[in-house]
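**Q** Fold the following.
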Amino acid sequence: MDLENFIRKNIQETKDYHEVDLDRSWADFKSNIGVMPVELSSPSSNSILHRHRLLILFAVLALGVISLIIYLLSSPVKQFEIKTTIEKADTIRMTDGSVAYIQPHSSITYPIRLDKATIRQISLKGGAIFDVAKDATKPFVVECGGLAVTALGTVFLLEEQETQTMIKGIEGRIEVVELDNRNNKVILKAGDEFVYSGRLFHKLVPPIDTGATSLPVPEITKRKPETPPIENLRVYRAKSLVDFLERQSKGKIKLARKTKYEEKANVKNDLSKDTEYILQKLLDQTGLKSRPGKCNGCIEIYSDKN
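**A** Below you'll find the predicted structure:
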């Protein structure tokens, strides 16, 4: 075979082959592998997976909400407040505007939102003076010592003692009813004072209209003029007494502006007495003084320390 024929034969054989780039081919293969899952997965399968995840999330949230609701429903809601005094008196201002001056060693239970109650019902053990906010549509009822005292807007003293319960009307009118016998009742006006003992109401003042009673109401002999007045002294804080005097006098007895005094000072006083007595006791024990106010009959409480 001559050289020319040999060359032609080899050229013919090489035409049956083509050049291959391995690196490029491998790169194309990897790119195809990465695209294949996307191309093979359908939109419907993705949406189903997404929907399942949303359902699981919704179920978890719903379970949490239901658990919270069950917890709130099963937890007791605090509807009443209980206040107990030990050796010192205290003052409670209720949401309807009424004020209770609680004596030492006493306990009172009352609705937290008294202003929302249809009947303003209070439970008392011990003694207290109530300055009731006026509301003709919502009677103010205090249960104590087997009695229910009802007022629409007034000031009265109620004290449960060892063998009896004392009631005194300080302002306005109140109805006092025996809990076990609603027909056994008395009506008190300002200044009237009764003692309930042995299911009987005993008068401590001259005869008055006591209203309908089913049980006899014996009268106790009047106190002799020479007998010193009975004092029911309790310990109060000075600020409570100042506030009480202002409310009791309807603003005619006030603390002068910028008056500095020891608000937490303990003062022995009897809130069942008149304002003149209460004021004098306050002045005697705190060093405060009084002077005529700007209006007719008004009194200002002040201090020389200002």
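**Q** ranges for the helices of the stretch 1-150 of the chain?
**A** For the stretch 1-150 of the chain, the helices defined by DSSP state H, counting those that start in this stretch cover 3-14, 22-40, 43-74.
**Q** what comes up buried for stretch 85-103?
**A** Residues 85, 88-92, 94-96, 98-103 are the ones in stretch 85-103 that count as buried (16 or more other Cβ atoms under 10 Å). The C-beta positions use only the backbone N, C-alpha and C, and glycine is treated the same way.
**Q** if we take the residues you listed, which one ends up nearest to Arg120?
**A** Asp96 (6.2 Å; Cβ to Cβ).
**Q** Please list all residues in contact with that closest one.
**A** 114-115, 117, 120, 133, 135, 138 (Cβ atoms under 8 Å, 6 or more residues apart in numbering).
**Q** Okay, domains of the protein per the record?
**A** As given by automatic domain parsing, the domain ranges for the chain are 80-203, 234-302.
**Q** ends of the longest one, how far apart?
**A** The first and last residues of domain 80-203 sit 34 Å apart, counting by Cα to Cα, to the nearest Å.
**Q** related to what we said a few turns ago, with pLDDT, distance to Gly64 and neighbour count as new columns, can the contacts of Asp96 be given to me in CSV?
**A** Putting the contacts of Asp96 into CSV (pLDDT from 0 to 100; distance: Cβ to Cβ, whole Å; neighbours: other Cβ atoms under 10 Å) gives the following:
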residue, pLDDT, distance to Gly64, neighbour count
Leu114, 87, 36, 19
Asp115, 87, 35, 15
Ala117, 86, 35, 16
Arg120, 92, 40, 25
Ala133, 90, 44, 17
Asp135, 87, 43, 15
Lys138, 89, 41, 18
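**Q** hmm, who's touching stretch 255-268?
**A** The list of residues contacting stretch 255-268 from outside it, by Cβ under 8 Å, 6+ apart, reads 88, 233-239, 241-242, 246, 281-282, 285-288, 300-303, 305-306.
**Q** can you tell me which of these are in strands?
**A** 234-237, 300-302 (DSSP state E).
**Q** Drop anything exposed from those residues.
**A** Of these, these count as buried by 16+ other Cβ under 10 Å: 234, 236-237, 300-302.
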